[in-house]
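[1] need coordinates for the below:
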Amino acid sequence: MSAFIIGTPFAVLDFSSFLSDFLSEMNHLGSGHRNIILDRGWWYHLRFSLYYGLGWPLLLVSTVGMLVMARTNLKNALILCSFPLIYYLCAGKGYTVFVRYVVPLVPFLCITAAVSTIHIAGLINDRLSPRVKTVLVCLLAAIIVAPSTRRIIMFDSLLAHKDNRLIAAEWVHANIPRGSSIYQSCSDAGKLQLNPGQFFIEKCQKYEAMITDGLKDETIRSMMPKSIEYLKTKMAYQEWTCDNEEGEFEFKGQGEGALPDYIIAEQSPLRDYSRPPLEVSELLTTSYKLLKTFYAIDIGEEENVFDQQDLFYVPLAGFKNVERPGPNIFIYAKESGNY
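    You can find the predicted model right below:
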């Protein structure tokens, strides 16, 4: 407790905010992210997050290592395994099951896997020479980590490629005239960053009063509106939004009563994030023509495994027919005569 307070002093200094955020996160953990229900974390992390993250050999050996420690030295087993077991019970009780939630378990599972490997090495027939025993143990260790090592290499190799969203954004800047109106039928993470500072501007406009009231420095408070106005001068495109209930497009909260010049859509294996609104799908077939396509992945490849709750466009396993990170991007232009 003292270590937590030292590392997080504002949990005490601003206890009401800490408690509010803590309870909000607990509610989020229990209810599931964006109503995407996959399974309760206790079972999901075991059969998915840890299975694909570590690979089944390492997961199996690490579990055996816990049992070996409990049998040979219960005190050390309790000291080492108390945190991962309690953490797993807490993190797994709800339906928000991001794969990254099990990352804190990995160091402990690797230690127990090493304990298990050493124990197996001790069971090897003593009639074998020390050199042969060493080779066998190294071979066993290599087999245990092989699946996860392969995935790490393929994951890092994929991240070394330029993201598909950056490639598509560069094409837009080079080929679509400045001032054009654009609607992005994408998830928040799937959107192309076409206007520098767009996200900052939207947040500041939404929370400007709250932000400025909390700033005691008058110079900084006076600079914020100026910063917003300056960033607006850097806006290359009018980024429109769509009222999904009314099926109408608007710009800066003001109804335009027209269609944007271009619509950008995404496609990815993240099923609940890459579905365009029905109204937009119909418009794309009746009022727009496909202008440019940027492929990053074959979404029909069943071997690729994704975290369906997290907005992360890189597979956890498989890596089949994946050219680069990011979703597939489709850019549509409004056909002449459609307004």
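[2] and Met235, how far is that from Met26?
    39 Å (CB to CB, to the nearest Å). C-beta: built from backbone N, CA, C; applies to glycine.
[3] grab the nearest non-local neighbour of Ser180.
    Asp261 (4.5 Å; CB to CB, 6 or more residues apart in numbering).
[4] what's the local residue count around that neighbour?
    Asp261 has 19 neighbours, counted by other CB atoms under 10 Å.
[5] identify the residues contacting it.
    Ile176, Ser180, Ser181, Ile182, Ala333, Lys334 (CB atoms under 8 Å, 6 or more residues apart in numbering).
[6] re the thing from before, for Met235 and Met26, indicate the residue with more neighbours.
    Set Met235 next to Met26 and count neighbours by other CB under 10 Å: Met235 wins out with 16 against 13.
[7] ok, the closest residue to the more buried one other than its chain neighbours - how many residues close by?
    Nearest non-adjacent residue to Met235, counting by CB to CB, 6+ apart: Asn195, 4.7 Å away. Asn195 has 17 neighbours, counted by other CB under 10 Å.
[8] what about the helices in this structure?
    2-7, 10-13, 15-31, 41-44, 50-54, 56-72, 74-91, 106-123, 130-159, 164-175, 198-213, 218-233, 278-286 (DSSP state H).
[9] just checking, what packs against the first one?
    Using 3 or more CB pairs under 8 Å, 6 or more residues apart in numbering; DSSP states H and E as the contact criterion, the elements in contact with helix 2-7 are helix 10-13.
[10] now swap in the longest one and tell me
    Applying 3+ CB pairs under 8 Å, 6+ apart, one finds that helix 130-159 makes contact with helix 50-54, helix 56-72, helix 106-123.
[11] 6 Å instead?
    Helix 130-159 sits against helix 56-72, with contacts defined as 3 or more CB pairs under 6 Å, 6 or more residues apart in numbering; DSSP states H and E.
[12] contact partners of the helix it packs on?
    Leu50, Ala77, Cys81, Leu109, Thr112, Ala113, Val115, Ser116, His119, Ile144, Ser148 (CB atoms under 6 Å, 6 or more residues apart in numbering).
[13] if I look at the nearest residue to the third one once chain neighbours are set aside, how far off is Trp43?
    If the residues on either side of it in the chain are set aside, Cys81 comes closest to Met66, at 5.6 Å by CB to CB, 6+ apart. Spatial separation of Met66 from Trp43 under the definition CB to CB is 18 Å.
[14] who has more neighbours out of the two?
    Met66 (21 against 12).
[15] okay, now the unreliable bits of the chain?
    Low-confidence segments of the chain, defined by pLDDT under 70: 126, 196-234, 244-247, 252-256, 337-339.
[16] okay, domains of it per the record?
    Annotated domains of the chain cover 32-159, 164-194+236-334 [automatic domain parsing].
[17] what about Ile162, distance to Tyr51?
    To be clear, residue 162 is Lys; Ile isn't right here. Counting by CB to CB, the gap from Lys162 to Tyr51 is 30 Å.
[18] looking at these two, which one has more neighbours?
    Between Lys162 and Tyr51, counted using other CB under 10 Å, Tyr51 has the larger neighbour count: 19 against 11.
[19] what's the burial count for the nearest residue to the more buried one once chain neighbours are set aside?
    Using CB to CB, 6+ apart and skipping the chain neighbours, the partner closest in space to Tyr51 is Leu59 (6.2 Å). By other CB under 10 Å, 20 other residues sit near Leu59.
[20] what separation do you get for Leu59 and Asn27?
    According to CB to CB, Leu59 and Asn27 sit 30 Å apart.
[21] now Ile111
    Taking CB to CB, one finds Ile111 at 33 Å from Asn27.
[22] more crowded one of these two?
    Ile111 (17 against 11).
[23] how many neighbours does the residue nearest to that one when sequence neighbours are not counted have?
    Excluding its sequence neighbours, the residue lying closest to Ile111 (CB to CB, 6+ apart) is Leu80, at 6.6 Å. Leu80: 18 surrounding residues under other CB under 10 Å.
[24] mind checking how far Leu80 is from Pro104?
    Leu80 is 14 Å from Pro104, by CB to CB.
[25] what do you get for Ser16?
    Applying CB to CB, the value for Ser16 to Pro104 is 27 Å.
[26] who's more crowded, those two?
    Pro104 (13 against 7).
[27] what values do phi and psi take at Ala258?
    Backbone torsions of Ala258, given as degrees, to the nearest 10, read phi -150, psi -180.
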